[in-house]
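Engineer: whatever this is, show me its structure:
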Amino acid sequence: MHLPRCLRRLALLLTLAWLGLTHVANVAHAADDTLRVGSKRFTESYILAELLAQTAAPHTASPPVVRQGLGNTAIVYEALRSGAIDMYAEYTGTIALEILKGSPADTREAMNAALAPMGLGVAIPLGFNDGYALAVRAADADRLGLRTLSDLAKHPEFKLGLSNEFIGRADGWKGLAERYGFKQTPSGLDHGLAYDAIGARQIDAIDIYTTDAKIDHLGLRVLEDDRKYFPRYDAVVLYKLDLPKRLPEAWAALKTLEGRVDEHAMIAMNARAELQSVPFDVIARDFLASTGKEAKAGQQQPKEERRGFTAKLFGPDLWKLARQHLFLVALSVGVAILIGVPIAILVFPHVRLRALVLGFASLLQTVPSLALLAVLISMLGAIGALPALIALTLYSLLPIMRNTVTGLAEVPDGLRLAGTALGMTPPQSLRLVLLPLALPTLLAGVRTATAIAIGTATIAAFIGAGGFGERIVTGLALNDRELLMAGALPAAALALVSEGLFELIELWMRRGRGALAA
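Structural biologist: The predicted model follows:
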C-alpha cells in the first residue's frame, strides 16, 4: 500500500514520539534511586502521600515522585504490585478484606506473611484509625432516636447515598446490609459529592471516613456499629519489599512517622484541605515542621487566605497541565489515524471483515475507562502517560475507521471506473482518486475523535498522567466546585479551539475544491 507522502511523514514522526515515550517510561520505571509514592482519590490519602514523600526527600538522591489521585484501591494496589509505585498509605481493614480477600490477618505479622509472596509488606503504623461508618443529619437522629446502625435499619424510607467503592467493596454495603437487614437500594455517589447531597436533603444517610473534616462542620451524627461489622482501619504503609534495602536512609526516615499522626491531627489536616483550601504539600510541610502539638490538641492552623476562582483557573500549573493534555490528545489521535486509516482501507473491499473490525472497534467504546486503565496497568506494569495514551488511542479508533470506510463508500462508481480506464493501478487509484475524495468525511472522523479524546483525556489524571483532569480529580476529592470548573473550563476551551481549527481546515479544503472546479 502506498500512503500519501504527508501521511508517511506523520507516521514517522508519531512512531518516533511513541518510541521515545516508551523509552522514557522504561527509564523512569528503572530509576532505582527514585522513591515513587502513590495515593488514592480522597483528601486524606493526598495528604499522607505528601507526608511520606516530604519525610523521605532529604534522604534520597533525587526528589520523590508523588503520584496523586490514582483512583480506588484496585488501581493503586495494581500500581504498587506492578512496581509503578513503591509505597502508599493504606488501611489494615482494606488490606485484610480487599487485597487479601478476607484471609485471616488479624495482626501485622499475619498480614506480612500473607503479603510476602506478592513481594509486598506492611509497616509504619501512623497512629490513627480511619474507619468506615454511616452518618445521618443530627436533626433526623434526634427526631427519630437514631443512635446505632440497627436503629437506621428500622427506617427503610431513608435514602442512602454511598460511594461507589463502598458499594462494591468486600467490607462494604453487601455485607453490611446482610448483617443489619437493610432493605434500601443505595445510590452510588462520589464521596465528596455525598456531603453536598445530604446537606441538600437529597439523601438521608451516607458512608463516611471517621476522620472526615466535614462530619462536625455539616452537623452529621455518626451511627454506632453496634453489631461490630466494620474492622479497624489503622493507617499503615503498604510497600514493595525491596524498598528498605534499595533506599535504606529514606526508609529509616519514614519509620520516624510511626505513631506520630493521631486522629485529631488527621482531622485537623483534612479540615485545612477541605475547609480552607490549603494545598496538600503545604499541610504536610507544616505538620512536619511542627511538633504536631497544635494538631493533636485539635486546634486548626492559622487560617490562610482562601484562593478565589481566578487564582485557581490561572494558577501556576495551568500551562503544564495544558501541555500534558495537548500531548495526550495529539499523540493518541495521531496514532489512531496511523492505525485506523490503513486498517479501514484494507477491510473496505471485504464486507464481512469490515463489519467484524468495525464491530470490534465499537465494542472497545463500551469498555469503562477506569476498567480499561486497570487492565492496561496490569499488562504494562506501569502507570502514567503510556497506559493513558493506549486507552485514548483505542477510544479514538471507531470514528476514524468508520468515517474512512464511509468516505470510501461515497466515492461515485463512475470516478472509480474513470481511474481504471486511465490505466491507474489500485494503489494509484487509492492515492489519487479515492483518498482525496474521501478526505472530507475522513477528516470529520478525526474531528470527532479529537473531541472525544479531549474530554476523555481527563481520566489520565487517575493514573498520574496529568492534564486538566488533575484539577477535576482533586476538586472531586475536596468537593471544591471552583477547582472542578478550573479544570473543566480549560478542557472546554481546548475543545473549542480544536473545533475552530477543523473549521479552518474544512474551509481551506472547500476553497481548494472550488478553485479546481473553476
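
Engineer: C-alpha from now on. contacts and neighbour counts both.
Structural biologist: Noted.

Engineer: which stretches of the stretch 301-450 of the chain form helices?
Structural biologist: Remark: helices assigned in the stretch 301-450 of the chain by DSSP state H, counting those that start in this stretch are 309-313, 318-347, 351-365, 369-380, 385-409, 413-421, 426-429, 435-456.

Engineer: quick one: buried residues of the second one?
Structural biologist: By neighbour count on 16 or more other CA atoms under 10 Å, the buried set for helix 318-347 is 318, 321-322, 324-341, 343-345, 347.

Engineer: just name the most buried of the helices of the stretch 301-450 of the chain.
Structural biologist: A comparison of these by mean neighbour count, using mean count of other CA atoms under 10 Å, puts helix 385-409 on top with a mean of 24.

Engineer: could I get the helices of the stretch 301-450 of the chain as CSV with distance to Met266 and mean pLDDT?
Structural biologist: Below are the helices of the stretch 301-450 of the chain laid out as CSV (distance: least, CA to CA, whole Å; pLDDT from 0 to 100):
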stretch, distance to Met266, mean pLDDT
helix 309-313, 25, 86
helix 318-347, 29, 94
helix 351-365, 41, 91
helix 369-380, 29, 78
helix 385-409, 32, 92
helix 413-421, 72, 73
helix 426-429, 67, 77
helix 435-456, 34, 92
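
Engineer: now distance to Ala492 too, for those, in CSV please.
Structural biologist: Formatted as CSV, the helices of the stretch 301-450 of the chain follow (distance: least, CA to CA, whole Å):
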stretch, distance to Ala492
helix 309-313, 13
helix 318-347, 12
helix 351-365, 21
helix 369-380, 20
helix 385-409, 17
helix 413-421, 41
helix 426-429, 40
helix 435-456, 8
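
Engineer: Ser45 is nearest to which of these?
Structural biologist: When the helices of the stretch 301-450 of the chain are compared for distance to Ser45 using CA to CA, the nearest one is helix 369-380, at 19.0 Å.

Engineer: if I look at the residue nearest the centre of the chain, how far off is Ala477?
Structural biologist: When CA atoms, centre = their mean is applied to the chain, the residue found nearest the centroid is Phe462 (1.5 Å). Look at Phe462 and Ala477: by CA to CA, to the nearest Å, they are 12 Å apart.

Engineer: which neighbours do those two share?
Structural biologist: Residues touching both Phe462 and Ala477 (CA atoms under 8 Å, 6 or more residues apart in numbering): Arg41.

Engineer: pull the residues that contact stretch 248-256.
Structural biologist: By CA under 8 Å, 6+ apart, stretch 248-256 touches 52, 55-60, 124, 243-244.

Engineer: just checking, Ala114 is part of a helix?
Structural biologist: Yes: under DSSP: H, G, I helix; E, B strand; the rest coil, Ala114 sits within a helix.

Engineer: can you give me phi and psi for Tyr229?
Structural biologist: In terms of degrees, to the nearest 10, the main-chain angles of Tyr229 are phi -80, psi -50.

Engineer: residues in contact with Lys101?
Structural biologist: Ala170.

Engineer: let me fix that: Arg416
Structural biologist: Here Arg416 is in contact with 429, 433-434 (CA under 8 Å, 6+ apart).

Engineer: repeat that with 7 Å
Structural biologist: Shown in contact with Arg416 (CA atoms under 7 Å, 6 or more residues apart in numbering): no residues.

Engineer: which residue is the nearest non-sequential neighbour of Leu35?
Structural biologist: In space, and not counting its chain neighbours, Leu35 is closest to Pro64: 4.7 Å by CA to CA, 6 or more residues apart in numbering.

Engineer: you'd agree that neighbour is up against Leu52?
Structural biologist: No: contact between Pro64 and Leu52 fails when scored by CA atoms under 7 Å: they sit 9.3 Å apart.
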